[in-house]
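Engineer: next come a sequence and a model predicted from it.
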Amino acid sequence: MAPGPHGEADVPAASPGGEGETPSSAKGRRSGRAKDEGGAASVEFDTGASGPGGGDTGTQGSGAQWAHWFDRPERSGGSDDAGGGPGAGRPSADAEALQAGIEIRRGELIRILTDLRDRIAALDFLLEVPGVEEAREAQLELRNQLDDYVLPRIQASASPMLVVLGGSTGAGKSTLVNTLVGARVSATGVLRPTTSSPILVCHPDHADWFLSGPMLPGMGRVRGPAPDAIAGDQLVVIGSESLPPGLALLDSPDFDSVFEDHYEFATKLMAAADLWLCVTTAARYADAQVWEMLRRAKENGATVGVVLSRVPDGAGAEVVEHFGEMLAEHEVGETRRFTVPETRVEDSRLPEEAVEDIRAWLVGMAESADDRTIVIGDTLAAVLNSFRTRVPELAKQVEAQVEQRAELAHAVDTAYGTALAELDEATRNGSLLRGEVLARWQDFAGTGDLLRSLRAPRGRPSRRASSRRRNPARVRALKAALRSALESLICSSAEHAAEQVVVAWREHPAGRQVLAGPAAGLGRASPELSRRVTRAVSAWQDHVQELIRTEGVTKRSVAKLVSFDSEAVSLVLTVGLLGYGTSEVAVEGGTSAVPQRLLNALFGAESLRGMGAKARADLRNRIGMLFDEEAIRYGQAIDAAGIPDETVPVQLYQATYNLEVAR
């Protein structure tokens, strides 16, 4: 195809319109066609049957369906408006009711979006798991887009359409802005980058709104015109009569600048645009950075247009054709496209005919309230549609953090569970009945105190009560020895479990991060454990004695002859529960079967089994509660480190669902 007079090739439209074409798309297509001085048509880039921004107006949540959010009461009309009667210009009762309903829905949507924003902002991707950097970036983008664009746009729907020009270094964004405005408002030159701070140009009527309005709340504001060198994240706002009231142009820093903060500004501003106009050159359109930004713009829901500048004479048709093929290959082929030929630049501006198509397209949308509404609605709907995938993807990254938390918690459960199982075995196999405990038992059983506790004659309560009050020293000594042995065993098991937790955490990347924080003393039992263990063991001994007293019904044949002291017999039951008579204890203890034979003779095998099972279960429960209290420290350390729990991704999924319902 032969190039046009400005280096533009005559390219047929992607679609000549037809069924499904909206008035705004037809108008956009017409405004995308220009005539040269000889009447020959230059390049026409069409998006087919789409809205002004190239979005599919037939999809759910499109700009046409969202237009009611931006209606004003006077536009809803009444019967008097059409004829210009006395009611002309005043909203009818139906219009007022409609607007009231819109405001209620708007308020609910704002509330839900604010909740979503707060939940996203509260996320803390502490752990260095695969994909965490992408998750942090996605979190920042979502939060910024909600703050900078979505919430302000819904709250201030009548504000001008914001067109953000983004592109690579030297692509000619600032020159294009200056040309469209008709004055040098943005710095240009051979030094790169030339645009340090974003420059926003709008009609003077809207300058104050952009200076103090909700758009881009995290950026400072300064009223222009401004000198060429403004550093920092200052938004320079300039009023110009050259732009219609419905349009604002924003010249953003280069997204491939050598300065990292320029890239951050560029992506932030792209996410805040109603329309993002990507400007690249015939020499650099194949750069990976260009397509990365177009991909991000599409994923973030922006309505996109592209400008291919500095198209040379002669090879223009081939360049434009290849550029179009690359757009289709990257699934952005339906965006509005324009070319600017390689031409002279005077006073930082291009010849007017070089930007005629772009001006007609932008001004045409700005001056048509319906077209402008559709563009804004398309972008807003696409952004909200993108949340359907972007927020759940973020939630999946949170789940990766939750999985790490679960692994740390599992290490705690394993350590204390193993300790509890080992302790349970140690209270069955007789290992406790050594040393002091064994000596006290032999002293108690071999000196007659045990038999005396069973020979109190029935019918003489005063003597029995006197015997209980005397509470022989050997009984007290045996009880104290048993208590001390149990306490030592439990504390030792807890110490070992704490050591095992720290060993496991040190071998885990997430655990190392937690241990590197303020968590202290996790490698040993808590200082309060000894006191809690003493109370627990004493309470268990009292429980065993209560079992003997309330459930220890002696066999009928025995009950006629003897009664028993519940405290002494409870010690006999305790010794039996702790495994007296097993392994080498039998040898050391001599008459190994004394506890079992005595208890069987008193209560019978079935009653004894019941009391033994209850006593053992109660001891295990008490130790389990002690270990649970010890394990709480590790959960607190994980919480203090900021690792999210399983409720956080669920809340994100719920917030996404709530948004869909509100829409």
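Structural biologist: Here it is on my side, so go on.

Engineer: contacts and neighbour counts: CA atoms only from here.
Structural biologist: OK.

Engineer: can you verify my assumption that residue 303 contacts residue 381?
Structural biologist: No - using C-alpha atoms under 8 Å, residue 303 is not in contact with residue 381, being 10.2 Å away.

Engineer: neighbour count winner among these two?
Structural biologist: Neighbours per residue, other C-alpha atoms under 10 Å: of residue 303 and residue 381, the larger number sits with residue 303, 29 against 24.

Engineer: burial check on the closest residue in space to that one that isn't next to it in sequence, number of neighbours?
Structural biologist: Counting by C-alpha to C-alpha, 6 or more residues apart in numbering, residue 303 lies nearest to residue 275, which is 4.9 Å off, once chain neighbours are set aside. Counted with other C-alpha under 10 Å, the neighbours of residue 275 add up to 27.

Engineer: use 22 as the first number for this chain going forward.
Structural biologist: Understood, numbering begins at 22; the last thing we discussed is residue 296.

Engineer: dump the residue contacts of residue 296.
Structural biologist: 74, 182, 183, 184, 185, 323, 324, 325, 326, 396, 397, 400 (C-alpha atoms under 8 Å, 6 or more residues apart in numbering).

Engineer: retrieve the pLDDT associated with the second one.
Structural biologist: It stands for residue 182. On the pLDDT scale, residue 182 is placed at 91.

Engineer: next one: the fifth one
Structural biologist: Looking at residue 185, its pLDDT is 93.

Engineer: go on, the last one?
Structural biologist: Taken from the predicted model, the pLDDT recorded for residue 400 is 91.

Engineer: C-terminal to the helix or strand hosting it, what's the next element?
Structural biologist: Using DSSP states H and E, residue 400 maps to helix 390-447. Of the helices and strands lying after helix 390-447 in sequence (DSSP H and E), the nearest is helix 456-467.

Engineer: elements contacting that following helix?
Structural biologist: helix 494-527 (3 or more C-alpha pairs under 8 Å, 6 or more residues apart in numbering; DSSP states H and E).

Engineer: before we move on, the earlier item: over to the residue nearest to residue 324: give its phi and psi.
Structural biologist: Main-chain torsions, residue 296, degrees, to the nearest 10: phi -140, psi 120.

Engineer: ditto for the one 3 residues further on
Structural biologist: Torsion angles at residue 299 (phi, psi; degrees, to the nearest 10) stand at phi -90, psi 120.

Engineer: wait, what's in contact with it?
Structural biologist: Here residue 299 is in contact with 186, 187, 188, 315, 325, 326, 327, 328 (C-alpha under 8 Å, 6+ apart).

Engineer: who's it bridged to?
Structural biologist: Residue 299 has these beta-bridge partners by DSSP bridges: residue 187, residue 327.

Engineer: tell me the pLDDT at residue 66?
Structural biologist: For residue 66, the pLDDT comes out at 33.

Engineer: before we move on, what about residue 617?
Structural biologist: The model reports residue 617 with a pLDDT of 69.

Engineer: returning to that earlier point: now do the helix holding residue 400: distance to the chain's middle.
Structural biologist: Here the centre of helix 390-447 is set off from its chain's centre by 6 Å, with C-alpha atoms, centre = their mean, to the nearest Å.

Engineer: quick check: angle from it to helix 494-527?
Structural biologist: 140 degrees (axes from the mean of the first three to the mean of the last three C-alpha atoms, to 10 degrees).

Engineer: where does this structure dip in pLDDT?
Structural biologist: Within the chain, the ranges that satisfy pLDDT under 70 run 22-113, 208-217, 247-254, 277-283, 469-492, 540, 573-585, 602-615, 617, 622.

Engineer: possible to save the contacts of residue 299 as a markdown table with neighbour count and distance to residue 452?
Structural biologist: Listed next are the contacts of residue 299 as a markdown table, based on neighbours: other C-alpha atoms under 10 Å; distance: C-alpha to C-alpha, whole Å:
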| residue | neighbour count | distance to residue 452 |
| --- | --- | --- |
| 186 | 29 | 80 |
| 187 | 28 | 78 |
| 188 | 30 | 78 |
| 315 | 25 | 73 |
| 325 | 27 | 78 |
| 326 | 23 | 81 |
| 327 | 21 | 82 |
| 328 | 25 | 85 |
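
Engineer: can you tell me which of those is nearest residue 425?
Structural biologist: Relative to residue 425, the closest of those is residue 315; by C-alpha to C-alpha it sits at 34.4 Å.

Engineer: go ahead and confirm residue 651 touches residue 548.
Structural biologist: No - assessed by C-alpha under 8 Å, residue 651 is found out of contact with residue 548, at 10.2 Å.

Engineer: more neighbours, these two?
Structural biologist: residue 651 (23 against 9).

Engineer: which SSE is that one in?
Structural biologist: Secondary structure assignment for residue 651, by DSSP H and E: helix 626-662.

Engineer: next: residue 239.
Structural biologist: Assigned by DSSP H and E, residue 239 belongs to no helix or strand.

Engineer: give me phi/psi at the residue nearest to it when sequence neighbours are not counted?
Structural biologist: Nearest non-adjacent residue to residue 239, counting by C-alpha to C-alpha, 6+ apart: residue 169, 7.8 Å away. Reported as degrees, to the nearest 10, the phi and psi values for residue 169 are phi -90, psi -30.

Engineer: ok, residue 169 - contacts?
Structural biologist: Counting by C-alpha under 8 Å, 6+ apart, residue 169 has contacts 235, 236, 237, 238, 239, 292, 293.

Engineer: hey, where'd the helices end up in the stretch 222-371 of the chain?
Structural biologist: Remark: helices assigned in the stretch 222-371 of the chain by DSSP state H, counting those that start in this stretch are 225-233, 281-292, 309-320, 337-350.

Engineer: from the rest of the structure, what touches the second one?
Structural biologist: What that stands for is helix 281-292. Helix 281-292 is contacted from outside by 162, 165-166, 169-170, 185, 187, 217, 254, 273-278, 297, 314, 318, 321, 323, using C-alpha under 8 Å, 6+ apart.
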